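Peer 1: Give me the fold of what follows.
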Amino acid sequence: MGEIHQGDALSVNGSAGPGIRGSAPSAAGLGGIGAPLEALRQHLRGCGQTLATLLEPAGQALVNEAGRILEQQVCRIAVVGQIKSGKSSFINAMVQNPGLLPTDVTPWTTAVTNLHFGQAGPGNHAAVFQFFSENEWQSLAEGGGRIRELTQRLVPGFEPELLRQHVEALRRRAGVRLGSEFSQLLGRAHYFGAIQPDLLQHYVCSGDFVTDAAQAQTGKYSDITKTADLYYTQGPFDYPVTLTDTPGTNDPFLIRDEITRRSLESADLYIVVLTARQPLSESDVSLLRLMHGLNRDRIIVFVNRIDDLADVGRELGQVTSFVERKLREEFPGAHIPIVAGSAWWGLSALNLEGPVLDRLFERRSLGYLHERGLVPRDELVRGAMDYAAHRERFRQALLQMSGLPAMHRAVTDLMGSSQAAQCLGQIARCFGEIAGASEGATRGELESLTEARRAMATAAPRSQDQLLQLEQEASLLNAVGLQIGESGKNIEAQLAEIIQEEMEQLRSGLEWAVKRHASMENDVLIDTLERGRAPRIWTHEGVELRRRLAAVFTAGFESAARRVLEFQSRVAPELHQVLRLVAPGAPMPTAPEGRMLEIPTPTVAPLSRFVALDLDGSWWTAFLRGRPSPAACGAQIEALIKSEFQPVVDELVRSAEWALSGYCATTTKWSFGICINIVQALERRREQLARSYHSLRSNGEEANLAASQERSGEVRRLAERVQLCGTLRHELEVIAREITKGFHRTAEVAT
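Peer 2: Predicted coordinates for the structure are as follows:
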């Protein structure tokens, strides 16, 4: 295998083969996921490139920086589900590449696999496999960090002990497979120029949990692989997308849950894969509770394997009704799209060959295609597939009932209101504001130049007076520039103070919610014990507390965001007043509509943090062995709730502060950058006029005639520039409105 280690001289080995880089074929004809958002991104990209040519250095720097952000935009989609729910098959069907992820080996691994579509890999590599570092492996092997904290709280024999045994077995197996390479590979990475068909089996598929070296060739590096990143230039996505396949979550190997949770925090959308035969089992409900901290309006549920149902027409309605009811219980008030289908049917539609057809016609569930009116009953026989028309109708029916077209539409819809779309909306508003400011400043330049043409018609005698006036204006411009810089620093300091005050208030509200909940649990537990109804196991209903914290967080963040936006709205007129000193009569930048001014609320991902109280019985059983008094039991539970949820509160406050500070830094930079852009435009015009007057004084009427002709050309260029800025401003307003409509459509559907 062609491989290099991080830090070594870069060289690419390995020949091309099936599944080569840039090849994620769209054989079924499906595609265009995210096409509307990509069209807006490209339109915005073109507007930015044109806009940069019309601005001064300060404005160009802003637009170029935003352009780089625009180029780097990616929508991150995480696929989660329990082991053997068909996640890998679903992803292969979703991207229409049957052999992309291995499905015939047990993926007993902690690796997170990222499939990057429409993005170039580092160093133009097609695959990068990053290994755990020495410290990360040590933490993994010892159950470090959060897992270690849980282990210390729980009694021997429960999950943490099993976790320790699994990790030790993992370490032994890694040693058998890698030998002396084990310690050398930690912290390094393997890079490949092409993706070979069996490549992933070496890095993310461990097979059965064995230590026999003879049986361990599959998954040689899987035990130490932290992330696998694969890069494709083609696929069903029009918008750049990273599709993340997370570890399964329904086994005692708790580190999977922690790794899955961390990988979910940065995602824009979430696809939960369930199985039709056991939808929302206990493991699935645990998975949903893990996802409580995610944005509930960014979740899509795929009920997979409807082909396993004996009577799809009768059973599918029952399955989807059950899933809808359970989702309402777990996510009250949320609208979560549910798509039912079969990844296997979708994959089969890509390759209707002999063995595939034989398997399809072994299932009674195939009759569902006829029930839906897609295939005549007499064509649902193996022999009918010998006819091209029958075969194509059968293929299209399989594809439709696979759920893939519906899933593609659902993903496209949610991408229109994702974090990626929010970023595009903010850039569109910033571009529109600076285009409007440039339009006003250019119109002012045009008026100034027209007036200068009239003044120069009087020839040299008045040139000295004009030069003195220009020098005074230049001095004023310099003072205004300094004033804008000082104002920027003062405003940044005031915004930082506002954010600090709001974060203290948010923390207080969250801690009060935890304290109140812990006190209530204390009271209920003491009352229960004093009544002589001592439970064998005390169950802590942490879901209710998480919901309460989510409500407090959302209300607190929105309140802080409103205060920040109100402050910024008061600052704008002050900036305009400063600019009017140097550009009297010039139109000032207009503020966006109120409904378009918003700071997106961060996901409450910290609420999915795993706490000891989620493990229910073990801690309780161990605690009761000491026969404490009811008051001691209540006090211990109360203290445990507070200590376990304090890190959750800390993380929530940090995420809110980061979101507000980032927004303020960006908007402040743009507001003052626009002002500096106008000042620079005025300075340039003053310098040009000064050169003209100096030339007039030195060379007389002949120079005046030449300068007049030059100014006439400049007037035409400025008039064209005013028109172009106005056109850009209008186009950017349309883009911003289109993105805003996407958010409103999602809100309307959700309600």
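Peer 1: so residue 384 makes contact with residue 392?
Peer 2: No - applying C-beta atoms under 8 Å, one finds residue 384 not in contact with residue 392, separated by 11.5 Å. For glycine as for every other residue, the C-beta is placed from the backbone atoms N, C-alpha and C.
Peer 1: out of the two, which sits in the more crowded spot?
Peer 2: residue 384 (17 against 11; other C-beta atoms under 10 Å).
Peer 1: what's the burial count for the closest residue to the more buried one other than its chain neighbours?
Peer 2: Computed as C-beta to C-beta, 6 or more residues apart in numbering, the closest residue to residue 384 that is not its neighbour in sequence is residue 390, at 4.4 Å. Residues near residue 390, counting by other C-beta under 10 Å, number 18.
Peer 1: you'd agree residue 390 is in a helix?
Peer 2: Yes - using DSSP: H, G, I helix; E, B strand; the rest coil, the assignment for residue 390 is a helix.
Peer 1: can I assume it is in contact with residue 379?
Peer 2: Yes - shown here, residue 390 and residue 379 form a contact pair, counting by C-beta under 8 Å, at 4.8 Å.
Peer 1: Am I right that residue 569 sits in a helix?
Peer 2: Yes - assessed by three-state DSSP, residue 569 belongs to a helix.
Peer 1: quick one: it and residue 175, what's the gap?
Peer 2: 62 Å (C-beta to C-beta, to the nearest Å).
Peer 1: Same check on residue 647?
Peer 2: Residue 647 is 34 Å from residue 175, by C-beta to C-beta.
Peer 1: Same check on residue 79?
Peer 2: Taking C-beta to C-beta, one finds residue 79 at 32 Å from residue 175.
Peer 1: Next: residue 312.
Peer 2: Residue 312 is 48 Å from residue 175, by C-beta to C-beta.
Peer 1: more crowded one of those two?
Peer 2: residue 312 (25 against 16).
Peer 1: Which per-residue confidence value corresponds to the nearest residue to that one once chain neighbours are set aside?
Peer 2: Excluding the flanking residues, the one nearest residue 312 by C-beta to C-beta, 6+ apart is residue 368, at 3.8 Å. As predicted, residue 368 sits at a pLDDT of 93.
Peer 1: for residue 322, same thing?
Peer 2: Residue 322 is given a pLDDT of 91.
Peer 1: residues contacting it?
Peer 2: 279, 280 (C-beta atoms under 8 Å, 6 or more residues apart in numbering).
Peer 1: For it, give me the backbone phi and psi.
Peer 2: Main-chain dihedrals, residue 322, degrees, to the nearest 10: phi -60, psi -40.
Peer 1: Repeat that for residue 132.
Peer 2: phi -60, psi 140.
Peer 1: same thing with residue 95?
Peer 2: When read as degrees, to the nearest 10, the backbone of residue 95 gives phi -100, psi 0.
Peer 1: now it: how far from residue 548?
Peer 2: 39 Å.
Peer 1: and these two? which has more neighbours close in?
Peer 2: Neighbour totals were compared for residue 95 and residue 548, and residue 95 leads with 25 against 15 (other C-beta under 10 Å).
Peer 1: Go ahead and confirm that one touches residue 241.
Peer 2: No - the pair residue 95 and residue 241 fails to qualify as a contact (C-beta under 8 Å) at a distance of 9.3 Å.
Peer 1: mind giving me the domain ranges of the protein?
Peer 2: For the chain, automatic domain parsing gives the domain ranges 1-35+88-245, 419-750.
Peer 1: which of these has the lowest average pLDDT?
Peer 2: The bottom spot among those, by mean pLDDT, belongs to domain 1-35+88-245, with a mean of 68.
Peer 1: all strands of the chain, in order?
Peer 2: 75-80, 112-117, 127-131, 189-192, 225-232, 241-245, 269-275, 299-304, 338-340 (DSSP state E).
Peer 1: can you list these in JSON lines and add distance to residue 179 and mean neighbour count?
Peer 2: Shown next, in JSON lines, are the strands of the chain (distance: least, C-beta to C-beta, whole Å; neighbours: other C-beta atoms under 10 Å):
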{"stretch": "strand 75-80", "distance to residue 179": "34", "mean neighbour count": "25"}
{"stretch": "strand 112-117", "distance to residue 179": "26", "mean neighbour count": "23"}
{"stretch": "strand 127-131", "distance to residue 179": "15", "mean neighbour count": "22"}
{"stretch": "strand 189-192", "distance to residue 179": "17", "mean neighbour count": "23"}
{"stretch": "strand 225-232", "distance to residue 179": "17", "mean neighbour count": "23"}
{"stretch": "strand 241-245", "distance to residue 179": "29", "mean neighbour count": "24"}
{"stretch": "strand 269-275", "distance to residue 179": "37", "mean neighbour count": "24"}
{"stretch": "strand 299-304", "distance to residue 179": "39", "mean neighbour count": "24"}
{"stretch": "strand 338-340", "distance to residue 179": "46", "mean neighbour count": "22"}
